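K.L.:
I need the structure of the sequence given here:
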Amino acid sequence: MTTREVEHEITIGAPAASVYRLLADVTNWPRIFPPTIFVDRQATGADSERIRIWATANGEAKNWTSRRTLDPDGLRITFRQEVCAPPVAAMGGTWIIEPQGEGRSRVRLLHDYRAIGDDPHDLLWIERAVDKNSTAELAALKTNVEQVHAADTGDLTFSFTDTVQVAGSAKDVFDFINDAHLWSRRLPHVAQARLTEDTPGLQELQMDTRAKDGSVHTTKSYRVVFPHHRITYKQVTLPALMTLHTGEWTFTETDQGTTASSQHTVTLNTATIARVLGQDATVADARAYVTDALSANSRATLGHAKSYAEAKA
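P.N.:
Below you'll find the predicted structure:
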């Protein structure tokens, strides 16, 4: 079978060690890399780990399992997919971080891959996906590392959680959140919801949501489902005030019933604050506005999920 090899690179205005640390911690990847939806670290050793990744490739949501070997001294991370997603037959590569003088580094991202049956169409599909994702990942890595190293992120990225106690089962609360295709009938702030799940446990949710002022905006998210205790998601079409929105619904059984929570992580878009909120608006104003809007929807959804589960109980 034909093995293709390709390399992408970028120069980053930060020390190589800082770049390596960000790459080594895969739990940050959904926040750093646009194609990455969620990463689950399944097994770890002294210098290796097995991870399951959910990400988009050429606009399609895929998931695969990889083994990574970490070399902090050599500033290298090698990876090899153990369970691939068709049409990929095999995929692997290496992150190589090279110091380029004080405060600068060169990052090289190497890939090798094969297509199932050596199909030319599939090889081209993989080539395009690798090129698109590698280019996006390296650009996002540069932006994030340079911001962190310059310590100019301030309060732009933040997280918050809303929680309710439910006198009902975790499964029933989970079912309400999982059945998002019914939300337009169940939730006043949802005008329309379209849910597809071509791969079990990997959902695409498009939703028209009503804001407090009566306006309706459309969002698209990918959701990764772990019955009946967790649903993680990444929003890929974003309102103007955000450059990132990831979240997680969790459902924990207790002696009294279920603790249900909605967690959000957001990065603000400073370029749009004045246009959306007015010339005098600050980052703090934008943070408060986004938190209030997202939290209001979360609390409303959790409240209806609570009523649903308690009625079932």
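K.L.:
name the helices or strands packed onto whichever strand or helix holds Lys142?
P.N.:
Using DSSP states H and E, Lys142 sits in helix 120-150. Applying 3 or more C-beta pairs under 8 Å, 6 or more residues apart in numbering; DSSP states H and E, we find helix 120-150 packed against strand 4-12, helix 16-24, helix 29-32, strand 48-57, strand 105-115. C-betas here are computed from N, CA, C, even on glycine.
K.L.:
So for the shortest one, what gets flagged as buried?
P.N.:
In terms of neighbour count (16 or more other C-beta atoms under 10 Å), helix 29-32 has its buried residues at Trp29, Pro30, Arg31, Ile32.
K.L.:
for Gly93, what are its contacts?
P.N.:
Thr78, Phe79, Leu109, Leu110, His111, Asp112 (C-beta atoms under 8 Å, 6 or more residues apart in numbering).
K.L.:
which residues does the third one form a beta bridge with?
P.N.:
Think Leu109. Applying DSSP bridges to Leu109 gives these bridge partners: His8, Trp95.
K.L.:
What separation do you get for Arg186 and Ile177?
P.N.:
11 Å (C-beta to C-beta, to the nearest Å).
K.L.:
for the stretch 151-300 of the chain, what spans make up the helices?
P.N.:
According to DSSP state H, counting those that start in this stretch, the stretch 151-300 of the chain carries its helices in the segments 170-178, 183-186, 273-277, 283-312.
K.L.:
Buried deepest among those, which one?
P.N.:
Sort the helices of the stretch 151-300 of the chain by mean neighbour count, taking mean count of other C-beta atoms under 10 Å, and helix 170-178 sits at the top with a mean of 22.
K.L.:
residues making contact with that helix?
P.N.:
166, 186, 225, 227-229, 231, 249, 251-253, 258, 260, 301, 304-306, 308-309, 312-313.
K.L.:
per-domain residue ranges of this structure.
P.N.:
4-150, 157-312 (automatic domain parsing).
K.L.:
can you list these in a markdown table and add mean pLDDT?
P.N.:
As requested, the domains of the chain are exported to a markdown table (pLDDT from 0 to 100):
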| stretch | mean pLDDT |
| --- | --- |
| domain 4-150 | 93 |
| domain 157-312 | 95 |
